[in-house]
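Chemist: sequence first, predicted model second:
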Amino acid sequence: MTDTIVGNTLGIFSLCLTISFATKNIVVNRQKNNLYLCAAVTTICLLLLETATVYLENNRSASYVILYRMINSLGFSLSPLVPFFLLCLNSIGKSSTLKALLLRIPLLINAVVCVLSCWTGWVYYVDAAGHYTRGDLFLLPAIVSMYYIIGLIAAILRTNAEYEWENNKVLLLILLVPVLCMVIQIIYTGFIIIWASVAISLLMYYIYLRELQFTYDAPTLIKNRSAFEKDMEHSGKASEQVVVVVIDLNHLKTINDCFGHTAGDEAIVDCANVIKQSFKGIGRPFRIGGDEFCVLCKDMPVEAVDKALYQMDHAAKDINRNRRFPLVLAYGYSVFHTRGREDIHTVFTYADRAMYEHKARLKRDV
């Protein structure tokens, strides 16, 4: 009993600390930050409920039976909410009514069954003397939670595909620790470790999300300027040849002025997607400024870069058919050689100059 209370207290403390951090430093965006906070607050509630059940289990009394039943029903009902919030956090976007319904139906079914267990004993049973036993449907909350956890893992692999595999491995490890603890607690009833492990995992998850923000550009999911500077420096020492491609999205200010900043953000994301698709397997893209991107193509022939730029032009034309405002991309590149006279920073300057020359030609052709 003491071990559980101490563990839960530490879990609550770590979550309160995390919530304090998250309210001051938003992770990714406000919507995702709110979902993260919902998961953290729900976990604190579950830790408090779990602590109460442990106390009541060790201080059995007929006068506590109704309270004991209510706490168990509430705890089992809330359990799947944490992976549900995390799933929503990792799969924000437009979804059909059917998909939204399918996500919420298991929550509703689980809550109804758990509440009715006060009288039916389906999930758990607390007798008149305060003795607790598992019911025939005891695994229902765990099964519903696993439904959301599996969806969460799939969402991570799908929506975070642009992140390096090393980052995804860390995230999956963070999220799988509570799953392992849940299996242990189901098999060995003496161990009460699920929600303390969830609390620690949520703290680690916040640190993970903050770490990504230092490396990745949140709207486009490609690496940012800071990561670009490090990668370019490393490429200048480790690669025989690097083609430095600088790409600029034309008319962003006009888009913002005429259609609003939301349209401008949409244009930047579409631009990043076009670049990622066109240079897949050829080079690594970065967002190095508001409307400026760079691709580092290491040890790739210039012909492959020319082909990627040709594909990028055609991809932009295809996407422009369904847009209110066209994507117009200006670009230029230069080639760095380890045995050449110029360092890679000078080569980047040449590529930037070539991009501005292309931009000037595009303006003349309008």
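Modeler: Yes, it's here.

Chemist: any chance you could map the strands in the chain?
Modeler: The residue ranges that make up the strands of the chain, judged by DSSP state E, are 124-126, 132-134, 216-217, 222-223, 241-249, 284-287, 292-298, 329-337.

Chemist: in JSON lines: those strands, plus mean pLDDT, distance to L10 and mean neighbour count.
Modeler: Yep, even glycine has a C-beta here, placed from its N, CA and C like the rest. Written out in JSON lines, the entries for these read as follows (pLDDT from 0 to 100; distance: least, C-beta to C-beta, whole Å; neighbours: other C-beta atoms under 10 Å):
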{"stretch": "strand 124-126", "mean pLDDT": "91", "distance to L10": "26", "mean neighbour count": "22"}
{"stretch": "strand 132-134", "mean pLDDT": "90", "distance to L10": "24", "mean neighbour count": "13"}
{"stretch": "strand 216-217", "mean pLDDT": "84", "distance to L10": "31", "mean neighbour count": "23"}
{"stretch": "strand 222-223", "mean pLDDT": "88", "distance to L10": "35", "mean neighbour count": "22"}
{"stretch": "strand 241-249", "mean pLDDT": "95", "distance to L10": "48", "mean neighbour count": "25"}
{"stretch": "strand 284-287", "mean pLDDT": "93", "distance to L10": "39", "mean neighbour count": "24"}
{"stretch": "strand 292-298", "mean pLDDT": "95", "distance to L10": "44", "mean neighbour count": "24"}
{"stretch": "strand 329-337", "mean pLDDT": "94", "distance to L10": "51", "mean neighbour count": "21"}
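
Chemist: please name whichever of those strands is nearest to I66.
Modeler: When the strands of the chain are ranked by distance to I66, counting by C-beta to C-beta, first place goes to strand 124-126 at 9.0 Å.

Chemist: for H337, which non-adjacent residue is spatially closest?
Modeler: Beyond its immediate neighbours in the sequence, the residue positioned closest to H337 (C-beta to C-beta, 6 or more residues apart in numbering) is Q241, lying 5.6 Å away.

Chemist: does the one you found really touch R339, like I thought?
Modeler: No. With contacts counted by C-beta atoms under 8 Å, Q241 stays clear of R339, the gap being 9.6 Å.

Chemist: so what's the nearest residue to V274 once chain neighbours are set aside up against?
Modeler: Computed as C-beta to C-beta, 6+ apart, the closest residue to V274 that is not its neighbour in sequence is A315, at 4.7 Å. Applying C-beta atoms under 8 Å, 6 or more residues apart in numbering, one finds that A315 lies in contact with 274, 277-278.

Chemist: identify, by residue count, the longest helix of the protein.
Modeler: Under DSSP state H, the helix in the chain containing the largest number of residues is helix 30-58.

Chemist: which helices and strands sit right next to that helix?
Modeler: Using 3 or more C-beta pairs under 8 Å, 6 or more residues apart in numbering; DSSP states H and E as the contact criterion, the secondary-structure elements in contact with helix 30-58 are helix 2-24, helix 65-78, helix 81-90, helix 194-215.

Chemist: return the most buried member of these.
Modeler: Here the criterion is mean neighbour count by mean count of other C-beta atoms under 10 Å, and of these the winner is helix 81-90, at a mean of 23.

Chemist: can you name the residues in contact with that one?
Modeler: Residues from elsewhere that reach helix 81-90, judged by C-beta under 8 Å, 6+ apart: 32, 35-36, 38-39, 42-43, 46, 103, 107, 145, 148-149, 151-152, 155-156, 159-160, 175, 198, 205.

Chemist: that helix versus helix 30-58: what angle between them?
Modeler: Counting by axes from the mean of the first three to the mean of the last three C-alpha atoms, to 10 degrees, helix 81-90 lies at 170 degrees to helix 30-58.

Chemist: what's the average pLDDT for helix 81-90?
Modeler: Looking at helix 81-90 alone, the average pLDDT works out to 90.

Chemist: for it, output the C-alpha coordinates as CSV.
Modeler: Output in CSV follows, covering the C-alpha atoms of helix 81-90 (Å, rounded to 0.1, in the frame of the first residue of the first chain):
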residue,chain,number,x,y,z
LEU,A,81,-9.5,8.4,-22.1
VAL,A,82,-5.7,8.9,-21.8
PRO,A,83,-4.8,6.9,-25.0
PHE,A,84,-7.9,8.4,-26.7
PHE,A,85,-6.6,11.9,-26.1
LEU,A,86,-3.1,10.9,-27.3
LEU,A,87,-4.5,9.4,-30.4
CYS,A,88,-6.4,12.6,-31.2
LEU,A,89,-3.2,14.6,-30.5
ASN,A,90,-1.3,12.5,-33.1
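
Chemist: and it, how far from the chain's centre?
Modeler: Mean C-alpha position of helix 81-90 versus that of the full chain (C-alpha atoms, centre = their mean, to the nearest Å) differs by 10 Å.

Chemist: check stretch 176-193 too.
Modeler: Taking the mean of its C-alpha atoms, stretch 176-193 sits 25 Å from the chain's own mean (C-alpha atoms, centre = their mean).

Chemist: buried residues in it?
Modeler: The neighbour-count criterion (16 or more other C-beta atoms under 10 Å) identifies 178-179, 181-182, 185, 192-193 as the buried residues of stretch 176-193.

Chemist: alright, I will stop here.
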